[in-house]
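A.B. asks: Here is my input; please provide its structure:
(chains A and B)
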Amino acid sequence: MVWNDVVAQFGPSTIGGLAFGSIYALIALGYTMVYGVLRLINFAHSEIFMIGTFAALFVLNLVDLSAPLSGLALVGMLLLLIVVAMAVSGGAAVLLEQVAYRPLRRHGASRLAALISAIGASIFLQELFALIVIPDVFHRPQQGGRLPVPGPRLVNRDVLFSIGNANVRTDQLIVIVAALIMMVLLNQLVNRSRIGRGIRATAQDPEAAVLMGVSIDGIVRLTFLLGGAMAGVAGVLYLMEFEVTNYFVGFALGIKAFTSAVLGGIGNLRGALLGGILLGLIENWGAIFFGSQWKDVIAFIVLVVVLLFRPTGILGESLQKARA
Amino acid sequence: MGGIDEKPRGDTAVTDRVNPRVGNLAARVRRSVSDASDVLWRRWEQAARWQRWLVYLMLIGLAIVAPSPVIGSFMSPFTDWPSLLFNPIGVYVLLALGLNVVVGYAGLLDLGYVAFFAIGAYTLAYFSTTYGWLFWPTLVVGVTLAAVSGVILGAPTLRLRGDYLAIVTLGFGEIVRITAVNTDEIGGARGITNIPHPPNLFGVQFLLDPLPYYYIILSLIILVIIFSIRLERSRVGRAWAAIREDEDAAELMGVPTFRFKLLAFATGALVGGMAGVVFAGKVIFIEPNNFPFILSATILAAVVLGGSGNIPGVILGAFLIAWLPERFRGLAEYRILFFGAVLVAVMALRPEGLLPSRRRRAELREGSGGMGRLGGEVGCASASSEVISAEARQ
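C.D. replies: Residues are numbered from 1 along each chain as shown, chains lettered A, B, ... in the order given. I've put the predicted structure just below:
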């Protein structure tokens, strides 16, 4: 009987895990790229994601959706949201680098100092949203802007098709497909383009890259921009899927996303994808057995176990080796 | 670390003279702050032994009279000063001293330190409410349990490199908190209420008055300070310094690095557990939300802000981080916002912390010391090019 429960829940959990995992993977890309280039845990990246959810919500409020969209209108709306959120989050990430990391990088501060600076920036951004942005821009001053801010329904939750007993809903499919498209695009950019070569060169050997004429500051800025833009996409998808956000939303997702990056092999773009999807699946599968309140514990235990046997993550850590 | 990033090491004044960077306000502020504290620090190092002891005694005397309302009236016009001295100030200082052993001495990045604090607090809360254990024996049990959990966490994870260790310890902190939320035997999300106060000691009653608790935590702080200083100057401390500066070299020189890292972890955990037990003994009621990740981050910030590895610095950092937000309660809710901004600003102006030890600072300049330098070789390359351009201008 218990076994039947497990079988019955397996399919839906898998689909849910894939959708969750895609969002983790998108956020993980930002951690992994910055880590690949600067060897720095960009702790404030979770806040960049949070800003992305609010950017999307802002546009949705402007448009003032009356009913869920479908067809071309939906695609157009999603594209608009993604472009805006990418711009806002990418810009915020560049600004973050400028304010919190560049001064430290300039005089070669320790990475511990950079981590503290990142934690400071993270606290600052959270409080900025709770105290100023949410009450004033989103007109929700209750409890100092600390309550969740709901968003409108963008997509109807129709079942598109079923695989076995697993129903795939429209929103889940959009999340998975959109995340995959963005990741393929980013992978192409990093592996095929000129600026991508600059990023890989810097990750591989910064000193040699400088000597070869790569502008380090430019590359670092670009890395933050790309990572931030991916977090912006993740923000849109998160808002669409969960229809609610808050000033603290980045924290849990940020930790999970960083965990995914480490799981797959930090500094490695495909590792972020693999780690994100795996983490989403493991969490949801584990929740079948132990209950969903143990999700996070399961995720961390898996991380510890993987690191014990494969200390550089599943695919190993290298941005430069992740080529086609 | 390649060849071109060699900067003149040694005295800071030399590098500053080579690289004046006048005109930039941030650079000037940074330089004047660091000069002022350098002068103080140098004078301190040259002071005679009896002068230093005099200062120590004066500081202890100051700590003993600190709860007086005269001092409280300007230190904390908004909140009750003695209870502020216990929590957060005393608790933060004790936690920061414990984390300093892990981060400052052994150079290991621990982002889940609050877990040990929670384990200590829950030990007292659980055993005293369920089995009626008394405070003092439970203090010993709590400290032991915390140290054991430090070993349990450290044994599998201390073979990992710095950043991985950071994320695994962060995960551990969250695991402990979520487990506390999900386990009904220890109160679940509602926490544990009616934790008994410590029994009378030398005729002093432990009730709602924060003063006796303050003196308990003060004596524990003094104990931990003596303990840390003795450790730092022992074989263990030298082993930690070696591991922090270059783990591979230490291993090759025959330092059993893993065992010493584990010892650092256990020592840090022990102090964290101690703080937890005392905290729970005072507050009557604990819940999982008393032990969020942000507390780990705050304590780490205190250690780094003050100057990791240097006890006066760590105490100063913890004091400032605990006290400033309370002192400026007038700013009401904006104080956390400012706290974040201040962290960023201080790290930009003085990344080595307010009062770094000389050795630690030299390490940080060199890029060794646990985590290495931000941007690796890149930061140095641009720094040395700045030096060159500054020389060219002269």
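A.B. asks: going forward, measure contacts between C-alpha atoms and count neighbours the same way
C.D. replies: Will do.
A.B. asks: Identify each buried residue in stretch A:188-197, please.
C.D. replies: Neighbour-count burial for stretch A:188-197 flags A:190, A:191, A:195, A:196, A:197 (criterion: 16 or more other Cα atoms under 10 Å in any protein chain shown).
A.B. asks: Can you flag which of those residues belong to helices?
C.D. replies: A:190, A:191, A:195, A:196, A:197 (DSSP state H).
A.B. asks: Check these and tell me the two furthest apart.
C.D. replies: The largest separation in these, counting by Cα to Cα, is between A:191 and A:195 at 9.1 Å.
A.B. asks: For the stretch 201-350 of chain B, give me the ranges with low pLDDT.
C.D. replies: Scanning the stretch 201-350 of chain B for pLDDT under 70 picks out B:203, B:206, B:329-332.
A.B. asks: hmm, try it at 80
C.D. replies: B:201-209, B:325-336, B:350 (pLDDT under 80).
A.B. asks: tell me which parts of it are close to chain A?
C.D. replies: Neighbours of chain A within the stretch 201-350 of chain B, by Cα under 8 Å from any Cα of the partner chain: B:297, B:300-301, B:304, B:333-334, B:336-345, B:347-348.
A.B. asks: Let me see the contact set for the closest residue to residue B:69 other than its chain neighbours.
C.D. replies: Distances taken as Cα to Cα, 6 or more residues apart in numbering or on different chains place residue B:81 nearest to residue B:69, at 7.5 Å, with adjacent residues excluded. Applying Cα atoms under 8 Å, 6 or more residues apart in numbering or on different chains to residue B:81 gives the contacts B:67, B:69, B:72, B:73, B:75.
A.B. asks: got the buried residues for stretch B:350-361?
C.D. replies: B:350, B:351, B:352, B:353, B:354, B:355, B:356, B:357, B:358, B:360, B:361.
A.B. asks: Turn those residues into a markdown table, including secondary structure.
C.D. replies: Putting these into a markdown table (DSSP: H, G, I helix; E, B strand; the rest coil) gives the following:
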| residue | secondary structure |
| --- | --- |
| B:350 | coil |
| B:351 | coil |
| B:352 | coil |
| B:353 | coil |
| B:354 | coil |
| B:355 | coil |
| B:356 | coil |
| B:357 | coil |
| B:358 | helix |
| B:360 | helix |
| B:361 | helix |
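A.B. asks: Go through the residues you listed and name the one nearest chain A.
C.D. replies: Nearest to chain A among the buried residues of stretch B:350-361: residue B:351, at 5.4 Å, using Cα to the nearest Cα.
A.B. asks: isn't that closest one right next to residue A:104, touching?
C.D. replies: Yes - with contacts counted by Cα atoms under 8 Å, residue B:351 reaches residue A:104, the gap being 7.1 Å.
A.B. asks: so where does the spatially most central residue of chain B fall, helix or strand?
C.D. replies: Nearest residue to the geometric centre of chain B (Cα atoms, centre = their mean): residue B:96, 2.5 Å. Taking DSSP states H and E as the criterion, residue B:96 maps to helix B:91-100.
A.B. asks: Tell me which other helices or strands that helix touches.
C.D. replies: Judged by 3 or more Cα pairs under 8 Å, 6 or more residues apart in numbering or on different chains; DSSP states H and E, the packing partners of helix B:91-100 are helix B:210-232, helix B:257-283, helix B:293-306, helix B:311-327.
A.B. asks: will you turn these into a markdown table that also has mean neighbour count?
C.D. replies: Output for these, formatted as a markdown table (neighbours: other Cα atoms under 10 Å in any protein chain shown):
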| stretch | mean neighbour count |
| --- | --- |
| helix B:210-232 | 17 |
| helix B:257-283 | 25 |
| helix B:293-306 | 26 |
| helix B:311-327 | 23 |
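A.B. asks: among the contacts of residue B:81, who's most crowded?
C.D. replies: residue B:67 (21 neighbours; other Cα atoms under 10 Å in any protein chain shown).
A.B. asks: distance of the residue nearest to it when sequence neighbours are not counted from residue B:216?
C.D. replies: Spatial nearest neighbour of residue B:67, chain neighbours left out: residue B:82 (5.0 Å); criterion: Cα to Cα, 6+ apart. From residue B:82 across to residue B:216, the span is 13 Å (Cα to Cα, to the nearest Å).
A.B. asks: again with residue A:191
C.D. replies: Taking Cα to Cα as the measure, residue A:191 falls 60 Å from residue B:216.
A.B. asks: what does residue B:173 give?
C.D. replies: 26 Å.
A.B. asks: can you check residue B:289 too?
C.D. replies: Between residue B:289 and residue B:216 the computed distance is 25 Å (Cα to Cα).
A.B. asks: repeat for residue A:20
C.D. replies: Distance of residue A:20 to residue B:216, computed by Cα to Cα: 48 Å.
A.B. asks: Find the nearest non-adjacent residue to residue A:48, please.
C.D. replies: Closest residue to residue A:48 apart from its sequence neighbours, by Cα to Cα, 6+ apart: residue A:89 at 5.6 Å.
A.B. asks: Residues contacting stretch A:87-100, please?
C.D. replies: In contact with stretch A:87-100 (Cα under 8 Å, 6+ apart) are residues A:45, A:48-49, A:51-52, A:55, A:114, A:117-118, A:121, A:221-222, A:224-232, B:344, B:348.
A.B. asks: what about it, average pLDDT?
C.D. replies: For stretch A:87-100, mean pLDDT is 94.
A.B. asks: May I have the lowest-mean-pLDDT helix or strand in chain A exported as CSV, CA atoms only?
C.D. replies: Every helix and strand in chain A was compared by mean pLDDT, DSSP states H and E; the lowest is strand A:159-163, with a mean of 79. Coordinates of each C-alpha in strand A:159-163 appear next as CSV, following Å, rounded to 0.1, in the frame of the first residue of the first chain:
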residue,chain,number,x,y,z
VAL,A,159,-2.9,19.6,-18.0
LEU,A,160,-1.2,19.6,-21.4
PHE,A,161,-0.3,15.9,-21.6
SER,A,162,0.5,13.0,-19.3
ILE,A,163,3.4,10.7,-19.1
